[in-house]
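> Build me a model:
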Amino acid sequence: MQIQSNLVGGFLYVAEMAAIACARSIGHGKRKHSDHLAVEAMRKAMDRLPMDGTIVIGEGERDEAPMLFIGEKVGLGPAYEAIDIAVDPLEGTNLCATGAPNAIAVMAAAEKGGLLHAPDLYMEKLVVAASAKGKVSLDYPVEKNLSIIAETAGRKVEDLTVVVLDRPRHEKLIGEIRAAGARIQLIGDGDLSAAISVAVSGTGIHAVMGIGGAPEGVLSAAALKCLNGEIQGRLHTAENTATKEKAEAMGVDFNRIYFTDDLAPGEKIIFSACGVTDGSLLKGVRFFGDGIRATSLIMTYSPRVIRFIDSVHVEEGENVLVRF
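Numbering: from 1, shown residues only. Down below sits the predicted model:
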């Protein structure tokens, strides 16, 4: 069963509505408020779409999140195709709250079973572009992986830029990357945006390494599958927000390396993202007197199509001037 083609435009609209809603709170310093605005706008937009959607990765369990919780139904209902949906209405809540770069609104969808139902755990990740796909491994030393990435990209290790979340747990990893000679871009939040950037030429980012959220890993996998990049992930028992017993009941294997196709096995994947603040991949939302401008990315895996879209939502009125 194929996801209806008209959902592509619908998912673009959903990401844009979430981004525009929370963009009005950029720099206000209220991360929870920013996230709330994005969540409400995304849910309202999704409920207008002709689909029988189920949130498999969302804001949390029903008792923790009032909207877009795991298991929530969205869309117009059972009369339409059943699909699984993963959302991050505001990836980089702190980035939006402080006006920092690379905050985005994100969602992905696939046929039933097409996205791993990842528990709310931490995941060790390695993200590379198509050139290094199938050649690197989470089991390899950092220096070996960097050498492979550099060789396959026709670069020196010293020319690589690796994104790492700025966390105390990454002290050893940062030291190993520096010892190998590669450059590091430390980020406070937003490893999903960084993961997508790895697979897009010209962003200046060549790898993502370190431990981040597993749900973001699934969203990254959906995007990277469309872009022919690769993510490898291994779930962690430490520093998690769910118990090991609960995760194992979901079928999680803590010793396994999950590859792109394990995290996003679907064939009918749609991925959409819209910039909230300016970033290396997408420009942020811009408000002007007669409307709103948004920059988005919409991708499908089958057929594999990648679109970067510049949208202007124009206000009504006879004297409206559209600015480009």
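
> Helices along this protein, start to end?
Remark: helices assigned in the chain by DSSP state H are 6-23, 31-46, 93-98, 142-153, 171-180, 191-198, 214-227, 244-249, 260-263.

> so what's the residue nearest the centre of the chain up against?
Residue closest to the average C-alpha location in the chain (Cα atoms, centre = their mean): Leu192, at 4.0 Å. If you count contacts by Cβ atoms under 8 Å, 6 or more residues apart in numbering, Leu192 has them with Asp88, Glu91, Ile104, Val106, Glu216, Leu219, Ser220, Ala223. Yep, even glycine has a C-beta here, placed from its N, CA and C like the rest.

> Can I get those residues in CSV including pLDDT, neighbour count and distance to Met42?
Shown next, in CSV, are the contacts of Leu192 (pLDDT from 0 to 100; neighbours: other Cβ atoms under 10 Å; distance: Cβ to Cβ, whole Å):
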residue, pLDDT, neighbour count, distance to Met42
Asp88, 95, 29, 9
Glu91, 95, 25, 12
Ile104, 97, 30, 12
Val106, 97, 29, 10
Glu216, 94, 23, 16
Leu219, 97, 27, 13
Ser220, 97, 33, 18
Ala223, 98, 28, 17
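
> What about Arg155, how many residues nearby?
14 (other Cβ atoms under 10 Å).

> Can you check the pLDDT for it?
What the model reports for Arg155 is a pLDDT of 96.

> What's the separation between the residue nearest to the centre of the chain and Gly53?
Separation of Leu192 from Gly53 (Cβ to Cβ, to the nearest Å): 20 Å.

> and if you look at Glu158?
For Glu158, the distance to Gly53 - Cβ to Cβ - is 46 Å.

> Which one of these two is surrounded by more residues?
Gly53 (24 against 11).

> got a list of what Thr54 touches?
Contacts of Thr54 (Cβ under 8 Å, 6+ apart): Gly71, Glu72, Lys73, Val74, Ala82, Ile83, Asp84, Ile85, Lys112.

> Repeat the analysis, applying 6 Å as the threshold.
Lys73, Asp84 (Cβ atoms under 6 Å, 6 or more residues apart in numbering).

> Please apply the same query to Asp189.
Asp189 neighbours (Cβ under 6 Å, 6+ apart): Gly92, Asn94, Leu95.

> one more time with 10 Å, if that's ok
Counting by Cβ atoms under 10 Å, 6 or more residues apart in numbering, Asp189 makes contact with 31, 91-98, 100, 102-103, 165-166, 212.

> that older thread, out of the contacts of Leu192, flag the one nearest to Lys144.
Closest to Lys144 out of those is Ser220 (22.3 Å), distances taken as Cβ to Cβ.

> which one is the closest one nearest to, not counting chain neighbours?
Leaving out its chain neighbours, the residue that sits closest to Ser220 by Cβ to Cβ, 6 or more residues apart in numbering is Ala195, at 4.0 Å.

> again, but for Ile292
Using Cβ to Cβ, 6+ apart and skipping the chain neighbours, the partner closest in space to Ile292 is His313 (4.6 Å).

> Neighbours of the one you found, how many?
14.

> swap in Arg304?
12.

> What of Glu124?
By other Cβ under 10 Å, the residues close to Glu124 number 18.

> List the residues that contact it.
Contact analysis of Glu124 by Cβ under 10 Å, 6+ apart lists 138, 173, 209-212, 214, 217, 232-236, 257.

> hmm, back to that, can you list the helices of the chain in JSON lines and add distance to Val127?
Below are the helices of the chain laid out as JSON lines (distance: least, Cβ to Cβ, whole Å):
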{"stretch": "helix 6-23", "distance to Val127": "21"}
{"stretch": "helix 31-46", "distance to Val127": "24"}
{"stretch": "helix 93-98", "distance to Val127": "19"}
{"stretch": "helix 142-153", "distance to Val127": "10"}
{"stretch": "helix 171-180", "distance to Val127": "14"}
{"stretch": "helix 191-198", "distance to Val127": "5"}
{"stretch": "helix 214-227", "distance to Val127": "7"}
{"stretch": "helix 244-249", "distance to Val127": "22"}
{"stretch": "helix 260-263", "distance to Val127": "10"}
